[in-house]
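show me the folded form of this:
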Amino acid sequence: IPGLTLDTTGAEVYVVGDAIISIYNLIDQSVTEFKPSNRFPKDQGTQAAIYSTLQQQLYGYNLGPVKGYEFNKSTSAWENEPKGEAPPIYIWQHTPFENALNGNPMIFAGYGFFTARNSLLEFDPNTQEWGEVPLQGNLPEPRFMHGMAAGFTTGEYFIYGGYGNESGDQDLGFQNLNDLYILNLKDSSIRQIWAEAPGSTEFLPSSSMVLSVDDSSLYALGHNYLSGAKNLELLKISINEPKVEVVELKEKLPFEIRNIGDYNLFLYHARQTNELVSVLRLNTDDSHAEVRIYTMAFPPMGLKNDQEPTKTGSLPWYWVAIGGLIILTLVVSLTKKRSQPIREITRQEPAGPAIESPVKVLGGFKLTDAEGQDITAKLSPKLKEHFLLILLHSVNHKGGISTKNLTEILWPDGTTAVLKTIVASACRNSGMC
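Below you'll find the predicted structure:
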């Protein structure tokens, strides 16, 4: 699956595959391809990418275990095999960014091996190794699928939202986080700005966000996954007060999401064109990905109308074969710049009592509470297994399943006491108990 990154100074989007690097130029809507003389050194994980504007260097790295590589344009090759052992961690759905102080690639938080993290990693081009940067201050809860944006001063970064919990343990159930932090790389400090924005907490933000200096706010793409919505929204997140709003665009963003684990979202600010660049990577299966690129005015003023492609216009669909396995789709649409109102997020209350069964197991598992709210996403995979085991042993007048048998199935190496503790904690966290 290809990695995505943006050269903000050159207004170029890099789509990094294991056999082809495609570069889309936002100014003239052209696509350039590099075919490295050597394939991207894939290990067990999907590759990802970071472009360092300070170093004018493209970096690629694996997600599990984490290894970094440099692309040499003059030789058209991936170079500098990592020295020593890579960190034995897997960090999907993390946030990649460039250290504005030295240009080194950095990674914050992420998920792997049933665990969410809140660690900060930095890649050293001299040693070709990733190392953890110790942080001091009010550390955020371990999380993934969160958003980050460069701050007002060099070396500062805002961190918003995501999915996680206090311990990072998936068995205890993850929940949507709706908080804002600021990270300062000059002294490796981190502190919370505000803890909870009133109203809905259903949105997961894009991995990268954009700072608007004029109104002290952050812009991000948002996916309201708990509502079952497929479309994305443009979010406006206030820095000075706990407030999250949805920008009401004239047209919906042309992106659709199926499952929260099947995509990566990015929102960039291209300084040369002064546009917001929305990028979606949608994993269609284990070996294919679809990449869509959409632009809008900055500050956001609405979507532009679609235009027919010309010789110098945008390419609405561009297919690139990567390594004979990955098919990459670039969707580039232009939009008219029109101002649009903003509506504040509010939690929608159910219109009345649900008329459907609170439990669905056909066509996908779904569970609703007494008020008809979908709480499926609040259940960890282990808690879902626990619930389904009880359900299957209770239908047709069966006598249920004992705690001992549950322990043997779910935790063959655990004890009944461990099972009771974990399930009780996860049940309370999900709101079922």
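
who's in contact with the residue nearest to Pro142 when sequence neighbours are not counted?
Nearest non-adjacent residue to Pro142, counting by C-beta to C-beta, 6 or more residues apart in numbering: Gly168, 3.2 Å away. C-beta coordinates here come from the backbone N, C-alpha and C atoms, glycine included. Residues near Gly168 by C-beta atoms under 8 Å, 6 or more residues apart in numbering: Thr115, Ala116, Arg117, Asn118, Glu141, Pro142.

in TSV: those residues, plus pLDDT.
What follows is these, written out as TSV (pLDDT from 0 to 100):
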residue	pLDDT
Thr115	92
Ala116	94
Arg117	94
Asn118	95
Glu141	96
Pro142	96
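
and of those residues, the nearest to Pro134?
Set against Pro134, the nearest of those by C-beta to C-beta is Asn118 (12.2 Å).

buried residues in the strand or helix carrying that closest one?
Taking DSSP states H and E as the criterion, Asn118 maps to strand 115-124. By 16 or more other C-beta atoms under 10 Å, the buried positions in strand 115-124 come out as Thr115, Ala116, Arg117, Asn118, Ser119, Leu120, Leu121, Glu122, Phe123.

just those residues now: which is nearest Gln192?
Closest to Gln192, out of all of those and judged by C-beta to C-beta, is Asn118, at 12.4 Å.

that closest one contacts Ala109, doesn't it?
Yes: if you go by C-beta atoms under 8 Å, Asn118 and Ala109 touch, sitting 5.3 Å apart.

give me the common contacts of these two.
With C-beta under 8 Å, 6+ apart as the test, Asn118 and Ala109 both reach Pro140, Pro142, Arg143, Gly164.

residue contacts, the first one?
For Pro140, the contact set (C-beta under 8 Å, 6+ apart) comprises Ala109, Asn118, Ile159, Leu177, Asp179, Tyr181, Ile190, Gln192.

change it to 10 Å
108-109, 118, 146, 159-162, 164, 177, 179-181, 183, 190-192 (C-beta atoms under 10 Å, 6 or more residues apart in numbering).

same check on the last one?
Neighbour list for Gly164: 109, 111, 115-118, 140-146, 170, 174-177 [criterion: C-beta under 10 Å, 6+ apart].

again, only this time at 8 Å
Counting by C-beta under 8 Å, 6+ apart, Gly164 has contacts Ala109, Ala116, Asn118, Glu141, Pro142, Arg143, Phe144, Phe174, Gln175, Leu177.

from those, which is closest to Pro96?
Among the contacts of Gly164, and counting by C-beta to C-beta, the member closest to Pro96 is Ala109, at 10.8 Å.

any idea of the mean pLDDT for stretch 250-261?
What stretch 250-261 shows for mean pLDDT is 74.

just stretch 13-31 next, same as before
Here the average pLDDT along stretch 13-31 is 87.

check the separation of the first and last residues in it.
9 Å (C-alpha to C-alpha, to the nearest Å).

what comes up buried for that stretch?
13-24, 26, 29.

with stretch 128-144 instead?
Gln128, Glu129, Trp130, Leu135, Pro140, Glu141, Pro142, Arg143, Phe144.

quick check: the farthest pair among these?
So for the buried residues of stretch 128-144, where distance means C-beta to C-beta, the most widely separated pair is Gln128 and Glu141, at 31.5 Å.

OK, contacts around Asn104?
Ser52, Glu98, Glu122, Phe123, Asp124, Pro125.

and if you look at Leu26?
Ala11, Glu12, Val13, Ala270, Gln272, Thr273, Glu275, Val277, Thr295.

of the residues you listed, buried ones?
Here, 16+ other C-beta under 10 Å leaves Ala11, Glu12, Val13, Ala270, Glu275, Val277, Thr295 buried among the contacts of Leu26.

which phi and psi does the residue nearest to Ala270 when sequence neighbours are not counted have?
Nearest residue to Ala270, sequence neighbours excluded (C-beta to C-beta, 6+ apart): Ala11, at 4.5 Å. Note on Ala11: its backbone torsions stand at phi 50, psi 50 [degrees, to the nearest 10].

how near is Ala11 to Lys73?
In this view, Ala11 and Lys73 are 17 Å apart by C-beta to C-beta, to the nearest Å.

might you list the low-confidence residue ranges for the stretch 101-250 of the chain?
Along the stretch 101-250 of the chain, segments meeting pLDDT under 70 span 198-201, 226-228.

one more time with 80
Judged by pLDDT under 80, the stretch 101-250 of the chain has its weakly predicted residues at 197-202, 225-230, 250.

now the strands: where do they sit in it?
Remark: strands assigned in the stretch 101-250 of the chain by DSSP state E, counting those that start in this stretch are 105-112, 115-124, 129-132, 136-137, 143-144, 147-150, 156-164, 175-184, 189-194, 203-205, 210-212, 217-224, 232-238, 244-247.

residues near Gln57, how many?
18 (other C-beta atoms under 10 Å).

quick check, it in contact with Glu70.
Yes: using C-beta under 8 Å, Gln57 is in contact with Glu70, at 6.1 Å.
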